[in-house]
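**Student:** turn this into a model:
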Amino acid sequence: MKRQNLIACFCCCIIFAACNGDPDLWDEEICNNGIDDNGDGNIDCADWSCRWTALCMPEDNCNDGVDNDGDGKTDCDDPDCVNIPRCNWHETICNDGIDNDQDGPIDCADTDCSSNPVCLPETNCADNVDNDEDGATDCNDSDCTVDPVCAMETECMDGIDNDGDLLVDCADPDCIAHPYCLPETDCSDGTDNDLDGLTDCDDTDCSEELVCTTELNCHDGEDNDSDGATDCDDLDCAASEACLPETSCNDGVDNDFDGLTDCDDPDCDFETVCMPEVDCEDTIDNDEDGFTDCDDPNCEADPACLPP
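**Tutor:** Numbering: from 1, shown residues only. Here you go, the predicted model:
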């Protein structure tokens, strides 16, 4: 009886296989070699016997890093995933803070953005161009923080281009507020305000300042250069004739142009020619004015020169 049941079962299997047109009962189809191994006209996954193998099932997870169907292609590389959003999209904007393709990584963290300028560093920190299109140009871009061209000019009076931007000392905008690069702020305070080694009128910054011009007139009673010293009290007038003493006290000339001539000029007060004849009967021209004793007007009232 058992033998009869086995024969009956075997016959049913043959009939079932025949009805499905598949002789795989005797010859196995290899499902990934591109050959109709059992000669039924169906190759690999098209063969009925391969339909339920993992190799012929679709990739059922397109974001797990696993070749789920064993076809040698993983996730989005498998054609089974072609209609999955994360495999069909790319990160379209690389600086919007949105995971545009819903694959997990956002913006520059997504490999889709690897060649996008916004994800590349600023390539030139001194060309006035936003090379990486991130909205920040040159030294304003954090990519340029360590670039020498974005360093500050650390010393503004050493003659060295400290930050490598081809601008030295005061020519570099970094030094715009440094005292050395500012003009002498006060030309009469005795201080080197701009630290350039030159003080007040010795500094060319003061060349146009009134206090640094010379006393224009040394006998007009005015402080022409506003330095607090007037006329001959001003060192500017040291060599002016108006400030030199009367050079001759008996030539009838106002030698120092002060309006006073010869003995009328205080400069001559102690000159012999301007002193009175001290002895009117010594036969000596004591004051060297060309007149001796009673011939000198100085002796007019001297008893020795009065008539008897």
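
**Student:** quick one: contacts for the closest residue to residue 200 other than its chain neighbours?
**Tutor:** Using CB to CB, 6 or more residues apart in numbering and skipping the chain neighbours, the partner closest in space to residue 200 is residue 187 (5.0 Å). C-beta: built from backbone N, CA, C; applies to glycine. Applying CB atoms under 8 Å, 6 or more residues apart in numbering, we find residue 187 in contact with 200, 201, 203, 205, 206, 209, 211, 212.

**Student:** now do residue 187, the pLDDT please.
**Tutor:** On the pLDDT scale, residue 187 is placed at 80.

**Student:** how does the protein divide up, domain by domain?
**Tutor:** Domains of the chain are assigned by automatic domain parsing as 125-180, 276-305.

**Student:** just the contacts of residue 187: which are in strands?
**Tutor:** Counted as lying in strands by DSSP state E, out of the contacts of residue 187, is not a single one.

**Student:** now the buried members of these.
**Tutor:** Neighbour-count burial (16 or more other CB atoms under 10 Å) is assigned, among those, to 200, 201, 203, 205, 206, 209, 212.

**Student:** make JSON lines out of these and add pLDDT.
**Tutor:** Output for the buried ones among the contacts of residue 187, formatted as JSON lines (pLDDT from 0 to 100):
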{"residue": "200", "pLDDT": "83"}
{"residue": "201", "pLDDT": "82"}
{"residue": "203", "pLDDT": "85"}
{"residue": "205", "pLDDT": "83"}
{"residue": "206", "pLDDT": "83"}
{"residue": "209", "pLDDT": "77"}
{"residue": "212", "pLDDT": "77"}
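
**Student:** which one of those is nearest to residue 148?
**Tutor:** residue 205 (31.6 Å; CB to CB).

**Student:** pretty sure the closest one contacts residue 183?
**Tutor:** Yes - judged on CB atoms under 8 Å, residue 205 makes contact with residue 183 at a distance of 4.0 Å.

**Student:** any idea how far residue 200 is from the residue lying closest to residue 210 once chain neighbours are set aside?
**Tutor:** Among residues not flanking residue 210 along the chain, residue 226 sits closest, at 4.9 Å (CB to CB, 6+ apart). Relative to residue 200, residue 226 is positioned 13 Å away (CB to CB, to the nearest Å).

**Student:** quick revisit: go through the domains of the chain and name the closest to residue 261.
**Tutor:** Taking the domains of the chain one by one with CB to CB, domain 276-305 is closest: 14.5 Å.

**Student:** please identify the buried residues of the closest one?
**Tutor:** Within domain 276-305, judged by 16+ other CB under 10 Å, the buried ones are 277, 280, 285-289, 292-294, 296, 298-299, 302, 305.

**Student:** still on that earlier bit, where's the residue nearest to residue 200 relative to residue 177, distance?
**Tutor:** Distance from residue 187 to residue 177, by CB to CB: 20 Å.

**Student:** identify the contacts common to residue 226 and residue 200.
**Tutor:** Between them, residue 226 and residue 200 share the contacting residues residue 211, judged by CB under 8 Å, 6+ apart.

**Student:** list the buried residues in stretch 159-171.
**Tutor:** By neighbour count on 16+ other CB under 10 Å, the buried set for stretch 159-171 is 162, 163, 165, 168, 169, 170.

**Student:** any chance of the residues you listed in CSV, plus pLDDT?
**Tutor:** Formatted as CSV, the buried residues of stretch 159-171 follow (pLDDT from 0 to 100):
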residue, pLDDT
162, 81
163, 78
165, 79
168, 89
169, 86
170, 85
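
**Student:** just send the residues you listed back as TSV, with secondary structure and distance to residue 34 too.
**Tutor:** Putting these into TSV (DSSP: H, G, I helix; E, B strand; the rest coil; distance: CB to CB, whole Å) gives the following:
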residue	secondary structure	distance to residue 34
162	coil	70
163	coil	66
165	coil	65
168	coil	73
169	helix	76
170	helix	78
